[in-house]
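A.B. asks: How does the following fold in three dimensions:
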Amino acid sequence: MVLLPLVLVILQGPVGQPAAVVTVRATSEVSGSVFRLAEIAEITASDPAQAARLGAVEVGAAPLPGLSRGLFAGDIMTRLRAARVDPRSIKLVTPPSIRVTRSATQVPPEGIVAAARAALGEPGPDMQFEPLPLSVRLFMPPGNVEMRAGAPRGRPESGSVTVPVDLVAPGAPTRTVDVAFRVRHSVEAVVATRMVEAGAILAAEDLAVGRVERPASPTALARDPADLIGQRASRRFMAGQPVLLSAVAAPSAIESGARVRVESVAGGVSIAGTGLARSSGAVGDVIRVFVQETRREVHARIVDATTVRVEEGR
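C.D. replies: From the prediction side, this is the model:
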């Protein structure tokens, strides 16, 4: 077996003087996945070839694009020894702290969303794709970054879809970003043209047909303003808000406290009297009525704006 001697590169200078002075900067910016001594330090040597050899020494791995890492003088000396450079032949000057940052370009979220949106294609006439905000800041090495959208995941009918977008740049690992979209389905329905207060009687000028987001129960929407004109709003509606069928009612034909004619039919015989309405209601509703002749309260169905009828069994 032939033993090869370990050879140290000894950079010789004048007697008592180092062959090279390496002055490390407090902060440096590098571009590659690894960085060399020349990228973080100023190297002074009488022999340019010696300076070049020192500058080519690989010091360590660079952080991810846009991030930084710390470095110690001992790390540099270890790398110099690994490169067979005699530490005694150089003078290493370092600041109290050393930070190395990898240069990067921030990828605009709008571009990522646009790439994902293009992969979804054109929505149907009753569908809209609403992107959810991206919650991360994305950095890639400087230069051209290609965005490749993958196949969408999920079904629009379920209300959401996700599109993966790969960010590809030379000399950097591919990063994948998932862009989520909320899928909104719209339908034509009757909406309020202005604010309508609870209790108001709806008029033609209060209503119009517009596109609204489809609710869980589409049958709750009114499709024709004519079906709502003359109805009483049971709650407030803001301009542009759909007017739900469940939120309107027929206007009260009789208000609580009104005097009414009370008809009672029993055995084919009709008896009339007077009474005082104790609750409000529309035609066909059953309300409470105090009958003055009998001094009793009964339940009677509203016939018209002045008449109620007590039916058999009530």
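
A.B. asks: Next, the contact list for L244, please.
C.D. replies: A220, L221, A222 (Cβ atoms under 8 Å, 6 or more residues apart in numbering). Every C-beta, even on glycine, is put in place using the N, C-alpha and C of the backbone.

A.B. asks: go with 10 Å
C.D. replies: A189, V190, P215, S217, A220, L221, A222, L228, S234, R235, F237 (Cβ atoms under 10 Å, 6 or more residues apart in numbering).

A.B. asks: A192 now?
C.D. replies: Here A192 is in contact with 202, 206-208, 210, 228, 233, 236-243 (Cβ under 10 Å, 6+ apart).

A.B. asks: Same question for A253.
C.D. replies: 260, 280-285, 287, 302-308.

A.B. asks: any idea which of the residues you listed is the one closest to R295?
C.D. replies: For the contacts of A253, the minimum distance to R295 (Cβ to Cβ) is 16.0 Å, reached by V260.

A.B. asks: Quick check: the closest one is in a strand.
C.D. replies: Yes. With DSSP: H, G, I helix; E, B strand; the rest coil as the criterion, V260 is part of a strand.

A.B. asks: just to revisit the earlier point, would you list the buried entries among the contacts of L244?
C.D. replies: A189, V190, L221, A222, L228, F237 (16 or more other Cβ atoms under 10 Å).

A.B. asks: Go ahead and confirm the third one touches V187.
C.D. replies: Which is L221. Yes. L221 is within contact range of V187, at 6.7 Å (criterion: Cβ atoms under 10 Å).

A.B. asks: Touching both of those two, which residues are there?
C.D. replies: Residues touching both L221 and V187 by Cβ under 10 Å, 6+ apart: V212, R214, P215, P242.

A.B. asks: Mark which of those residues are part of helices, please.
C.D. replies: Judged by DSSP state H, helices contain none of those.

A.B. asks: Show me those that map onto strands.
C.D. replies: If you go by DSSP state E, those have V212 in strands.

A.B. asks: for this structure, what spans make up the helices?
C.D. replies: 37-40, 48-55, 73-82, 109-120.

A.B. asks: deepest of the ones you listed, which one?
C.D. replies: Mean neighbour count (mean count of other Cβ atoms under 10 Å) peaks for helix 37-40 among the helices of the chain, with a mean of 19.

A.B. asks: for that one, what is the average pLDDT?
C.D. replies: Averaged across helix 37-40, pLDDT comes to 95.

A.B. asks: What is that helix packed up against?
C.D. replies: Here helix 37-40 touches strand 20-24, strand 27-30, helix 48-55, strand 58-61, helix 73-82, strand 98-102, going by 3 or more Cβ pairs under 10 Å, 6 or more residues apart in numbering; DSSP states H and E.

A.B. asks: show me what contacts Q128?
C.D. replies: Going by Cβ under 10 Å, 6+ apart, Q128 touches F181, R182, V183, R184, H185, S186, R211, E213.

A.B. asks: coming back round to it: how about CSV for the helices and strands packed on helix 37-40, with mean pLDDT and distance to A151 added?
C.D. replies: Converted to CSV, the helices and strands packed on helix 37-40 look like this (pLDDT from 0 to 100; distance: least, Cβ to Cβ, whole Å):
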stretch, mean pLDDT, distance to A151
strand 20-24, 94, 49
strand 27-30, 93, 37
helix 48-55, 92, 47
strand 58-61, 94, 34
helix 73-82, 93, 45
strand 98-102, 94, 32
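
A.B. asks: out of the ones you listed, which comes closest to I90?
C.D. replies: Of all these, it is strand 20-24 that lies closest to I90, at 4.8 Å by Cβ to Cβ.
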